[in-house]
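Q: Got a sequence here, can you model it:
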Amino acid sequence: MGPTKVALLLSAAAFCLASAPGFAATAALTGQVTSAKEGTMEGVLVTAKKDGSTISTTVVSDNKGRYTFPAGRLEPGHYSLKIRAIGYILDGPKAVDVTANGASADVKLKETANIAPQLTNSEWLASAPGTYEEKRDLIACATCHTLMRPLMSAYTADQFKHDVFPRMADMSSQAFPVLVQKRLVQRNQERTFGGLDRLANYIAKINLSSAPAHKFEFKGFARPKGAGTKVIITSYDLPRKSMQPHDSVMGDDGYVWISNFGENTLSRLDPKTGQVKVYTYTQTRPGGYSDGNLDLEFDRDGNIWLGMMNQTGAAKFDRKTEKFTFYPIPANMLDDETQTAMVAPVNSHVDGKVWINSAEKPQVARLDVKTGQFEPWRQPFADRPKGESHSAYGVYTDSKNNAYLADFPSQYIWKIDAKTGATTSYKTPSDYSRPRRGRMDAQDRLWFAEWRADKIGMFDTKSGEFMEWAIPGPFSAPYDAQIDKNGWVWTDNMMDDRVSRLDPKSGQVIQYLMPIETNSRRVAVDNSGPRPAIWLGNNHQGQVMKVEPLE
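A: Model prediction:
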């Protein structure tokens with residue numbers, strides 16, 4: 001055989017190998033996921049993290065049980081492997097060496113002897129006996145921690161009512177197990193937990209207070225399938241576990257900017273390197289008031305604004321000078337419960353005014369950016385019947401800088417006319433929907449999450465009409481909603497560790513399971529690439545996550 005023929009054969013062989021599924025030219029790491037119980041397994045999340053790195057990458061096995069990390073997603077090095085599949089744990093291998101030519105590692109799973117720590121909050125509720133109303137009350141216990149805490153406890157009903165609930169009511173909104181902060185004024189327990197007797201009796205009925213084991217069967221949800229497996233999730237560790245990345249938003253500078261719910265910082269993440277730069281500021285309201293900030297927004301000039309929570313008011317951050325300007329609430333407008341979570345500077349160029357809320361009180365105000373002066377608090381719900389619960393939670397503006405409020409304890413979207421101050425309420429189609437957060441699009445349509453109705457809502461501010469779409473799964477509790485450049489609407493579920501992508505035209509919803517427990521809040525669309533992605537903060541794990549659909 002001559003040299004020319006040999007060369008041709010070798011070239012042909014190389015072409016065949018390069019075209020084969022899982023070959024290093026098209027994959028940094030690939031393999032098969034199997035278990036003795038199921039054989040090949042679809043919908044298993046496989047996470048790889050390089051030793052010493054702050055970045056983890058997750059893919060999902062397909063309908064043939066194969067997982068694939070595309071070329072360029074993992075640089076050469078030694079990687080630990082983890083999985084997420086309800087009812088299973090990793091049996092091996094737990095690490096792999098990735099070379100410049102890629103790597104292959106078949107992943108084996110075995111059934112777990114203890115499924116309880118794997119259950120999402122929604123799976124706890126789906127497993128437990130009880131009425132819809134009883135289970136819905138219990139969601140209030142999952143804001144600061146998972147439902148595993150109360151449901152694996154042995155507290156009695158009396159202990160919940162006279163010890164646990166009062167202690168929880170003493171905690172600030174920013175408190176969670178890693179960073180405890182207390183309130184100066186105890187929260188209204190009935191408003192926070194609903195019917196105290198009913199909730200206490202219900203938890204005591206299903207926790208471990210009357211038996212050494214639960215009296216009900218644990219039910220895990222089905223693993224992802226089909227389109228739900230076609231995703232890459234990249235997780236970035238923040239410098240401290242105490243950091244709560246409430247809002248994580250991609251800027252036009254290529255950085256992800258991060259608010260911190262429990263500490264007085266603003267952070268900047270470089271997605272290419274994982275490097276985080278932290279900007280710290282001193283308390284603007286000392287005296288025992290909780291630290292932290294919540295809403296992160298950009299104005300037309302590219303400045304970053306933060307809602308300052310119990311430190312009150314707003315902060316403006318100039319990205320060029322890296323300096324803060326603070327706008328604290330004046331003393332004559334303050335009380336011990338003042339908590340300015342939201343700030344709306346997006347359309348402040350229209351009239352020079354920035355809207356801001358007081359989340360614990362049903363009121364909003366406006367800041368004149370040039371003078372730094374606040375207008376007095378407005379009470380948009382003053383005409384409602386006494387005894388109703390209202391709050392100006394999400395605050396958004398249309399192209400004329402009129403304010404729209406998501407009334408979280410209730411079922412309304414409220415408009416405040418920027419020129420006349422006239423207030424108009426619009427009831428959502430679903431009763432007691434509890435609209436939470438959202439985003440105004442370029443057509444002046446407000447997309448928002450209906451936290452209690454488990455739906456995405458859209459309010460057309462020009463026509464006054466609503467549309468709603470259900471999110472699959474019981475007790476999902478969507479928190480936020482935003483539309484991307486391709487017309488898909490994204491939301492993140494607080495209770496089941498899933499991100500949902502909705503096609504409003506067809507009603508199709510694709511859901512992506514996150515690799516670990518994810519108490520996410522804001523969902524921020526990233527339209528910078530050829531295919532829209534989203535960023536979200538893993539609020540209780542000190543991580544920021546990017547979710548990229550592959551189709």
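Q: Could you grab the helix/strand/coil label for Gly288?
A: Using DSSP: H, G, I helix; E, B strand; the rest coil as the criterion, the local structure at Gly288 reads coil.
Q: Was I right to think it contacts Leu184?
A: Yes - Gly288 is in contact with Leu184 according to C-beta atoms under 8 Å; the separation is 5.7 Å. Every residue, glycine included, has its C-beta placed from N, CA and C.
Q: More neighbours: those two, which one.
A: For the pair Gly288 and Leu184, the greater number of neighbours falls to Leu184 (14 against 11), based on other C-beta atoms under 10 Å.
Q: Mind jotting down where the helices sit in the stretch 151-300 of the chain?
A: Counting by DSSP state H, counting those that start in this stretch, the stretch 151-300 of the chain has these helices, from start to end: 157-159, 165-169, 189-193, 196-206.
Q: do you know which of the ones you listed lies nearest Asn486?
A: Of all the helices of the stretch 151-300 of the chain, it is helix 189-193 that lies closest to Asn486, at 38.9 Å by C-beta to C-beta.
Q: hang on, the earlier thing: mean neighbour count and distance to Gly77 for the helices of the stretch 151-300 of the chain - can I get that in JSON lines?
A: Compiled in JSON lines, these are given as follows (neighbours: other C-beta atoms under 10 Å; distance: least, C-beta to C-beta, whole Å):
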{"stretch": "helix 157-159", "mean neighbour count": "15", "distance to Gly77": "50"}
{"stretch": "helix 165-169", "mean neighbour count": "16", "distance to Gly77": "44"}
{"stretch": "helix 189-193", "mean neighbour count": "16", "distance to Gly77": "47"}
{"stretch": "helix 196-206", "mean neighbour count": "19", "distance to Gly77": "46"}
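Q: Just give me the neighbour total for Thr143.
A: When neighbours are defined as other C-beta under 10 Å, Thr143 has 17 of them.
Q: Likewise for Val60?
A: Under the criterion other C-beta under 10 Å, the count of neighbours that Val60 has is 27.
Q: and it, what is it in contact with?
A: Contacts for Val60 (C-beta atoms under 8 Å, 6 or more residues apart in numbering) come out as 43-46, 67, 224, 228-231, 513.
Q: Restricted to buried residues, select these in PyMOL.
A: Those of the contacts of Val60 that meet the burial criterion (16 or more other C-beta atoms under 10 Å) are gathered into one PyMOL selection, given here:
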select buried, resi 43+44+45+46+67+224+228+229+230+231+513
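Q: Show me the contact partners of the host helix or strand of Leu306.
A: For Leu306, the enclosing helix or strand under DSSP states H and E is strand 304-307. For strand 304-307, the external contacting residues (C-beta under 8 Å, 6+ apart) are 251, 257, 259, 266, 293-299, 314-317, 319, 340-343, 345, 354, 356-357.
Q: between the helices of the stretch 151-300 of the chain, which one is nearest to Asp237?
A: Here helix 165-169 is closest among the helices of the stretch 151-300 of the chain (C-beta to C-beta), at 28.5 Å.
Q: what separates the closest one from the chain centre, distance-wise?
A: Averaging C-alpha coordinates over helix 165-169 and over its chain gives two centres that are 25 Å apart (C-alpha atoms, centre = their mean, to the nearest Å).
Q: repeat for stretch 169-187
A: On C-alpha atoms, centre = their mean, the centre of stretch 169-187 falls 20 Å from the chain's centre.
Q: What of stretch 501-508?
A: Put simply, stretch 501-508 sits 20 Å off its chain's centre (C-alpha atoms, centre = their mean).
Q: Quote the end-to-end distance of it.
A: 8 Å (C-alpha to C-alpha, to the nearest Å).
Q: Which positions in that stretch come out as buried?
A: Neighbour-count burial for stretch 501-508, with 16+ other C-beta under 10 Å as criterion, is recorded at 501-502.
Q: Take the helices of the stretch 151-300 of the chain and lay them out in CSV including mean pLDDT and distance to Gly92.
A: Putting the helices of the stretch 151-300 of the chain into CSV (pLDDT from 0 to 100; distance: least, C-beta to C-beta, whole Å) gives the following:
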stretch, mean pLDDT, distance to Gly92
helix 157-159, 95, 43
helix 165-169, 91, 41
helix 189-193, 61, 44
helix 196-206, 93, 36
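Q: Ok, which of the ones you listed comes nearest Gly87?
A: Short answer: helix 196-206, nearest of the helices of the stretch 151-300 of the chain by C-beta to C-beta, at 20.7 Å.
Q: Which residues outside the closest one are in contact with it?
A: Surrounding helix 196-206, the residues in contact under the criterion C-beta under 8 Å, 6+ apart are 128-130, 133-134, 137-138, 140-141, 150-151, 155-158, 160-161, 165, 189-190, 193, 210, 214-216.
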